[in-house]
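**Q** Sequence and predicted model, in that order:
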Amino acid sequence: MSQAHENSQTNESGVEEKIHTDFKKDMTYGDYLHLDQLLSSQVRLSDHHDEMLFIVIHQVSELWMKQILHEVSAATQSIQNDDLEPAFKMLSRVSRIQQQLIKSWDVLSTLTPAEYMQFRDKLGYASGFQSYQNRLIEFSLGYKNPHVLAVYEHQPELHQRLEAALSAPSIYDYAIMAMAKRGLTVDPETLNRDWSQHYQPNASVELAWLTVYRNVNQYWDLYELAEKLVDIASQQQQWRFNHMSTVERIIGFKTGTGGSSGVTYLRKALDHRYFPELWSLRTLL
């Protein structure tokens, strides 16, 4: 026989309510979120207090990246289906998530160089450079770099997933296709290219976006899409800068744990700009 228990409480209107407290057969909050598994995943390899912060920051960041990929994938499908409006909220959500990721560097920067050195050697070759979700985000936004796949050659399934993402059109490619479908002139070479190669700015794309921005009422949905993409590009650049600044603050110009050049690599990445024509057209308006 079920041993259900109900306690009473009075709500703001003075009405007595029953609170269910028997969870023997019902799914609980912890069950739904798999908290036992989630909260037991912070395994320190040293006895240093601050290693917990280092682990939590990176695990939380990976969870947010998972959500970014979820949103960008759905937004891309929406654009591909010529149904732009649902993508706007998804892309706005991505921008908000990016703000959370940017702020996480402020928390990690409370880790001093002396403190980090107490457990850095325990990381072995593990490095944020190896974050495959970050690579998938870069690919989905159009920053393609075939050379990074070598990092994942020892993981065949993961390597295959990354290779597929590398060879697929990015959300920006689909945005350009959407302009062409609306009758705006776009160079055919841009619409039929090797998607695994890094996107190169094209004068016809710049002119098409310029037409959108000069005729907002006629192309409102394309204009709104463009501004959502600019928001994401801007936040992505800010995330990169804060990443670089935090790394420099903690380890200076030392080589990264995974063998990357650390700050030097991160500074070079800042030179890349997502969705280039959406920036260059501003000078022409």
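**A** Perfect, thanks for sending it.

**Q** for residue 239, what are its contacts?
**A** 98, 101, 102, 105 (CB atoms under 8 Å, 6 or more residues apart in numbering). All C-beta atoms are positioned from the backbone trio N, CA, C, and that covers glycine.

**Q** Check for me that the second one belongs to a strand.
**A** No. With DSSP: H, G, I helix; E, B strand; the rest coil as the criterion, residue 101 is helix rather than part of a strand.

**Q** For it, grab the count of nearby residues.
**A** Residue 101 has 20 neighbours, counted by other CB atoms under 10 Å.

**Q** how close does it sit to residue 186?
**A** As for residue 101, its distance to residue 186 is 32 Å (criterion: CB to CB, to the nearest Å).

**Q** Excluding chain neighbours, give the residue nearest to residue 285 in space.
**A** Leaving out its chain neighbours, the residue that sits closest to residue 285 by CB to CB, 6 or more residues apart in numbering is residue 213, at 6.0 Å.

**Q** Ignore what I typed, I meant residue 118.
**A** residue 48 (4.5 Å).

**Q** can you check residue 116 too?
**A** Going by CB to CB, 6+ apart, residue 116 has residue 250 as its nearest residue, at 5.2 Å.

**Q** If I look at that neighbour, what pLDDT would I see?
**A** Listed pLDDT for residue 250 reads 83.

**Q** For it, which three-state class applies?
**A** Here residue 250 takes the helix state, with states given by three-state DSSP.

**Q** Am I right that it is in contact with residue 114?
**A** No. The criterion here is CB atoms under 8 Å, and residue 250 misses it with residue 114 at 9.9 Å.

**Q** who's more crowded, those two?
**A** Between residue 250 and residue 114, counting by other CB under 10 Å, residue 250 is the more crowded of the two (19 against 8).

**Q** Now do the more buried one against residue 229, distance only.
**A** Counting by CB to CB - residue 250 and residue 229 are separated by 32 Å.

**Q** Next: residue 79.
**A** Distance, residue 79 to residue 229, by CB to CB: 10 Å.

**Q** Pull up the overlap in contacts between these two.
**A** Shared contacts of residue 79 and residue 229, counting by CB under 8 Å, 6+ apart, come down to 171, 175.

**Q** What ranges does this structure have for its helices?
**A** For the chain, the helices defined by DSSP state H occupy 29-33, 35-39, 51-80, 85-108, 113-117, 132-141, 156-166, 171-181, 188-191, 203-214, 220-251, 263-269, 276-284.

**Q** mean pLDDT lowest for which of these?
**A** For the helices of the chain, where the average pLDDT is lowest is helix 263-269, sitting at a mean of 75.

**Q** Now for residue 65, how many residues are close by?
**A** By other CB under 10 Å, the residues close to residue 65 number 18.

**Q** Report the contact partners of the closest residue to it other than its chain neighbours.
**A** Among residues not flanking residue 65 along the chain, residue 133 sits closest, at 4.1 Å (CB to CB, 6+ apart). Shown in contact with residue 133 (CB under 8 Å, 6+ apart): 62, 65, 66, 69.

**Q** contacting residues around the first one?
**A** Okay, so that is residue 62. Neighbour list for residue 62: 131, 133 [criterion: CB under 8 Å, 6+ apart].

**Q** So it versus residue 133, what's the distance?
**A** Taken as CB to CB, the span from residue 62 to residue 133 is 6 Å.

**Q** how close does the closest residue to residue 174 other than its chain neighbours sit to residue 167?
**A** Spatially, and ignoring its direct neighbours in sequence, residue 174 is nearest to residue 79 (4.5 Å; CB to CB, 6+ apart). Relative to residue 167, residue 79 is positioned 18 Å away (CB to CB).

**Q** Same check on residue 70?
**A** Distance from residue 70 to residue 167, by CB to CB: 21 Å.

**Q** ditto for residue 264
**A** 29 Å.

**Q** residue contacts, residue 73?
**A** By CB under 8 Å, 6+ apart, the neighbours of residue 73 are residue 140.

**Q** Next, count neighbours for residue 129.
**A** 19.

**Q** my bad, residue 172
**A** By other CB under 10 Å, 24 other residues sit near residue 172.

**Q** Which residue comes closest to it once chain neighbours are left out?
**A** residue 142 (4.4 Å).

**Q** What residues does that neighbour make contact with?
**A** 170, 171, 172, 173, 198, 199, 274, 275.

**Q** Tell me if I'm right that the fifth one and residue 141 touch.
**A** The reference is to residue 198. No. Look at residue 198 against residue 141 with CB under 8 Å: they stay out of range, at 11.6 Å.
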